[in-house]
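[1] from the sequence below, what's the structure:
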Amino acid sequence: MNRKSYDTAALTQAGLNLIGQALSIYDGDLRLVVGNRQFLDMFNLPDHLCRPGADFSETIRALVDRGEYGDVLDPDGFVQSRVEQALAFEPHYLERTRANGRMISIEGSPLPEGGWVTVYTDITPIKRQEALLRARSEELSDQVLSHTEELGQTNRALASANAQLEETKRQLTEMESRTRLTAEMMPAHIARIDQERYYTFSNRRLGSVIPGRPTNLIGLHASEALGDEAYGRIGPYFDKAYLGEPSVFEFTHEGSGRRIRVALTLDIDDADITGVYILSMDVTKETQARAALNQTRKRELAAQMTSGMAHDFSNLLTIILGMQSRLDGMELSSDVQELVTATIGAARRGGTLLDRIASISGHRDMRLEATDVPALLRGLETLATPTLPDGITFEITIEGLQDPLLIDPGAVQDSLLNLILNATHAIGRGPGTIMLTARTIRETWLEFRVTDTGTGFGPEALEHALDPFFTTKGGEGSGLGLAMVYDQTKLAGGQVKLFNGDCGGAVVSIRVPLRPAKAPVAPRLVLLIEDNPDIRTNVREMLIDMGHQVIEAASAEEAEGLVTLDGIGLVLSDIVLEGVETGPEFLARQAANGGRMPAVLMTSLPPDDPRRADTPFPVLSKPFTQGELSAFLSQEVPA
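    Numbers count the residues shown, from 1 in each chain. Below is the predicted model of the structure:
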């Protein structure tokens, strides 16, 4: 016990010793917590039974042995009975005559943490006054005197009950305040609606789940509180809940772009449903991460399924092309020549198809880079405009987006070019317009929307356009364009939506997570470890252009003599190095020896290679651009 705690305990004990009543507090294990001097004196207890930790049963045994309760025929049974009463403690008030003839009142109250507090008051003078009043007031009837005594006892019991009620009220108020504060701190909305769908409780967090909604919901109808869109999605589940069916579901709130999870639990009283408890939370980031993970798993599965088949198919196409080329060099009739030419064309298209399958099923890392989105779209306009037929115009609208964002610019540009080519095919000979809009959706998504003035999506296309190999172009399409767009967007944790616009044309919306680009890492001294001199030179020039100073090593052994130099602020190493020690092994040994400088890796190894997958250090895939290197360092290296 520290000095402050000791002083507090001593002052508390001194204060309790000054009150005129005896007091004892026992905990839930029937051990004494506090007993004042009056408690010891009133019952003439030995000192050890008034010290903290004294056993309740030993105290009762001492009182029985002293005759406090008169003649007790079965002391052990009496003590056991009092212990059982204490374990099932109930608030009480009683008055009794002690063996020494003194009258005491006993007032006991349970404590919320377990245990109880008891106050003992010597009421002998009060009882003597009552007896004296009876003896000297012959003119008062026995009935009046009896009623007076009963009234006095009742008033004392009532005062005790009122004190207990006030203490209970205080504890409940404090508990309610703590519960409400805890509920309002939760990152979710917790509420209850009654049978008429009016809110009777809310932790005031609806606005954190659905931006723009009111904070104070008590008395509001669910449709007014949630808004038309959210209520339209949740309302049918309310109907099921009032029929006795709880539920957990998710929906996308288009107005905010957020993914929301809702759990409905029934409030049942005597088998009747009196209301519904609602728990709702924003799971947008979780959904984005889950979508990216699922897409990565799909890609890995597709790669496993197609790699062997593609290899064999590629060999088969090689044989077919070789044989058809020999036939093409022979003197054949015109009919046969046409068949040979068609066969060669089909085989070549098969080879192109294999390349496109590989681009979808093979592993591809996201290459995030701090990107000026308006500049990216201006470059896209330069690429796309010359390919458009006469009569088709291309318009770009950018809403905001002045600050750089962290995206995969190559994947975004490839996806948008695919959508522009699809829109061109949908418009046909024209005239027509392709419109590209870029904007942010609150603080959640970066959206690219491509709209055309063509005939729009048919019912089958709306259902299957994102499936691999589905095409509406007949023999001219492979059906992999939109599938590639979907794949790349999902890999980024985004969404792709297809629908028809108000004017009938097709609309394709690509949403990727909105990631503001962090500031570049401040210039520092970088130790670059790379055994390939050409790559080392290239990376060194990138780092220097970014404002860093660079010292170089070709192996872990060579880096050993440089890593202890003063001022090194970053180590960038390849995983595979010449010599006996790899990059991860070198960095791990430095960390074990107390090295504190940030360390990252680069490699051309595939992600599933154990030398890469098992390292605890951040890894950048080769090849990379200066922008990708800068974004990687901004994300992984402390400022």
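
[2] low pLDDT regions in the stretch 401-550 of the chain?
    Scanning the stretch 401-550 of the chain for pLDDT under 70 picks out 467-481.

[3] the same query, at a cut-off of 80, please.
    429-430, 462-484, 503-504 (pLDDT under 80).

[4] who does the host helix or strand of Ser105 pair up with?
    Ser105 is part of strand 103-110 when elements are defined by DSSP states H and E. Within its sheet, and counting by DSSP bridges, strand 103-110 is paired with strand 92-97 (antiparallel), strand 116-122 (antiparallel).

[5] hmm, who's touching it?
    With C-beta atoms under 8 Å, 6 or more residues apart in numbering as the test, strand 103-110 has contacts from 42, 89-98, 116-124, 126-127, 156, 160, 163-164, 167. C-beta here means a position set from N, CA and C on the backbone, and glycine is covered the same way.

[6] what's the answer for stretch 266-274, then?
    The contact list for stretch 266-274 (C-beta under 8 Å, 6+ apart) reads 192, 194-195, 241-242, 244, 246, 275-277.

[7] for the residues you listed, which one is nearest Ala411?
    Nearest to Ala411 out of the contacts of stretch 266-274 is Pro246 (C-beta to C-beta; 41.4 Å).

[8] give the contact list for the closest one.
    263-266.

[9] picking up where we left off before, off-centre distance for the strand holding Ser105?
    52 Å (C-alpha atoms, centre = their mean, to the nearest Å).

[10] ok, now stretch 428-448?
    Counting by C-alpha atoms, centre = their mean, stretch 428-448 is centred 31 Å from the centre of its parent chain.

[11] any figure for the gap between Glu58 and Leu73?
    Applying C-beta to C-beta, to the nearest Å, the value for Glu58 to Leu73 is 21 Å.

[12] also Leu94?
    Leu94 is 22 Å from Leu73, by C-beta to C-beta.

[13] those two: which has the busier surroundings?
    Higher neighbour count among Leu94 and Leu73: Leu94, with 12 against 6, using other C-beta atoms under 10 Å.

[14] grab the nearest non-local neighbour of the more buried one.
    When the adjacent residues along the chain are set aside, Leu94 lies closest to Ile106, with 5.3 Å between them (C-beta to C-beta, 6 or more residues apart in numbering).

[15] which SSE is immediately downstream of the helix-or-strand element of the chain with minimal mean pLDDT?
    The helix or strand of the chain with the poorest confidence is helix 334-361; it has a mean of 57 (mean pLDDT, DSSP states H and E). Note on helix 334-361: by DSSP H and E, the next helix or strand toward the C-terminus is strand 369-371.

[16] contact partners of that next one?
    404-409, 517-518, 520, 625, 627-628, 630-631, 634.

[17] could you do stretch 115-126 as well?
    The contact list for stretch 115-126, computed with C-beta under 8 Å, 6+ apart, reads 21-28, 33, 38-39, 42, 86, 89, 95, 102-111, 152, 156.

[18] give me the buried subset of these.
    21-27, 38-39, 42, 86, 89, 95, 103-105, 107-111, 152, 156 (16 or more other C-beta atoms under 10 Å).

[19] just the helices in the stretch 251-400 of the chain please.
    For the stretch 251-400 of the chain, applying DSSP state H, counting those that start in this stretch gives helices covering 284-328, 334-361, 373-384.

[20] quick one: buried residues of the shortest one?
    Going back to what we said before, that points to helix 373-384. Within helix 373-384, the residues that count as buried by 16+ other C-beta under 10 Å are 373, 376-377, 380, 384.
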